[in-house]
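**Q** My questions concern the predicted model and sequence given below.
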Amino acid sequence: MANRVLIVEDDANIAQLLRLYLEKDGFQVETAADGAEGLLAFRREAPDLVLLDIMLPVVDGWTVCREIRAAHKTPIIMLTAKGETTDKVSGLEGGADDYIVKPFDMKEVLARIHAVLRRTGGGESAGGRRLEFDKLIVDMEAYTLTVNGCVVDTPPKELELLFHLASSANRVFTRNQLLDEVWGFDYFGDSRTVDVHIKRLREKLEGVSERWTLKTVWGVGYKFEEKL
């Protein structure tokens, strides 16, 4: 089944352009011209991804994003003419998965949509979103981390980082690769954010099992090492 995309955009020309390109790429598309209509369409259509403008009439994009994120993990890509760092921070802290500044190239939009869907598991079966190791379960359908039989409270980005590493056990990832493939946007800070997330994961996982570990590869990056 084709992935469903909801476009919430008050500029009819932009909305139509996005629809044409997305449908040509095989997506099913619904559109909404303001924030309130967008929320109704989201609840009605249950899309796999939302392209969301910020400067919307009736209800703005920030509010729409918060309303969706309060109860759903559906990926959201913000579309806006605003390109300042503070706007990016607001969108991403509000729960957006990516951020595209207008005017944009449609090839970039399509590439980012596919990247976000890959990262968040759009269109994949539940089995492909659950990893099991000795005393460890990473379940991206339920967004839960189970360690030694107990569910451990884990922020979404930590869970996504662990899932990404464990999905390719024994492969070494550089910090920049992890920023690109897990965070998935033009990162405007530094790579130490990866180190911070790894440190927090280690606090949850240290000493749990002798069959796997989160390992630092000095001078390169990190890997989830499975000991065969």
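**A** That came through fine.

**Q** drop to CA atoms for contacts and neighbour counts, all remaining ones
**A** Will do.

**Q** Distance of the closest residue to residue 54 other than its chain neighbours relative to residue 50?
**A** Distances taken as C-alpha to C-alpha, 6 or more residues apart in numbering put residue 61 closest to residue 54, at 3.9 Å, once the chain neighbours are dropped. Noted for residue 61: a distance of 11 Å to residue 50, by C-alpha to C-alpha, to the nearest Å.

**Q** ditto for residue 205
**A** 34 Å.

**Q** So for those two, which residue has more residues nearby?
**A** residue 50 (27 against 18; other C-alpha atoms under 10 Å).

**Q** does the more buried one sit in a helix, a strand or a coil?
**A** The three-state assignment at residue 50 reads strand, by DSSP: H, G, I helix; E, B strand; the rest coil.

**Q** Specify the beta-bridge partners of it.
**A** For residue 50, the beta-bridge partners under DSSP bridges are residue 6, residue 76.

**Q** I figured it hits residue 74, correct?
**A** Yes - counting by C-alpha atoms under 8 Å, residue 74 is a contact partner of residue 50 at 7.4 Å.

**Q** Show me what secondary structure element comes after the lowest-mean-pLDDT helix or strand in the chain.
**A** None of the helices or strands of the chain scores lower by mean pLDDT, DSSP states H and E than helix 85-93, at a mean of 61. Elements were assigned by DSSP states H and E; along the chain past helix 85-93, the next helix or strand is strand 98-101.

**Q** measure residue 107 to residue 66 for me?
**A** 27 Å.

**Q** more neighbours, these two?
**A** Comparing residue 107 with residue 66 by other C-alpha under 10 Å, the one with more neighbours is residue 66, at 16 against 10.

**Q** Neighbours of residue 69, how many?
**A** With other C-alpha under 10 Å as criterion, residue 69 counts 16.

**Q** do the same with residue 26
**A** Residue 26 has 12 nearby residues by other C-alpha under 10 Å.

**Q** The one 10 residues further on too?
**A** Residues lying near residue 36 (other C-alpha under 10 Å) number 19.

**Q** Surely it and residue 56 touch.
**A** No - counting by C-alpha under 8 Å, residue 36 sits too far from residue 56 to count as a contact (9.2 Å).

**Q** middle-most residue in the protein, spatially?
**A** A centroid search over the chain (C-alpha atoms, centre = their mean) returns residue 97, at 4.4 Å, as the residue closest to the centre.

**Q** Any figure for the gap between that one and residue 39?
**A** On the measure of C-alpha to C-alpha, residue 97 and residue 39 end up 18 Å apart.

**Q** and what of residue 177?
**A** Taking C-alpha to C-alpha, one finds residue 177 at 34 Å from residue 39.

**Q** Look at these two and report which has more neighbours.
**A** residue 39 (19 against 14).

**Q** Not counting its neighbours along the chain, what's nearest the more buried one?
**A** residue 64 (6.6 Å).

**Q** residues in contact with residue 130?
**A** 137, 138, 139, 140, 141 (C-alpha atoms under 8 Å, 6 or more residues apart in numbering).

**Q** Quickly list what it is bridged to.
**A** Beta-bridge partners, per DSSP bridges, of residue 130: residue 139.

**Q** State the pLDDT value of it.
**A** Looking at residue 130, its pLDDT is 83.

**Q** Next one: it from residue 167, what distance?
**A** In terms of C-alpha to C-alpha, residue 130 sits 9 Å off from residue 167.

**Q** just residue 64 next, same as before
**A** In terms of C-alpha to C-alpha, residue 64 sits 32 Å off from residue 167.

**Q** ok, the two, which is more surrounded?
**A** Between residue 64 and residue 167, counted using other C-alpha under 10 Å, residue 64 has the larger neighbour count: 23 against 16.
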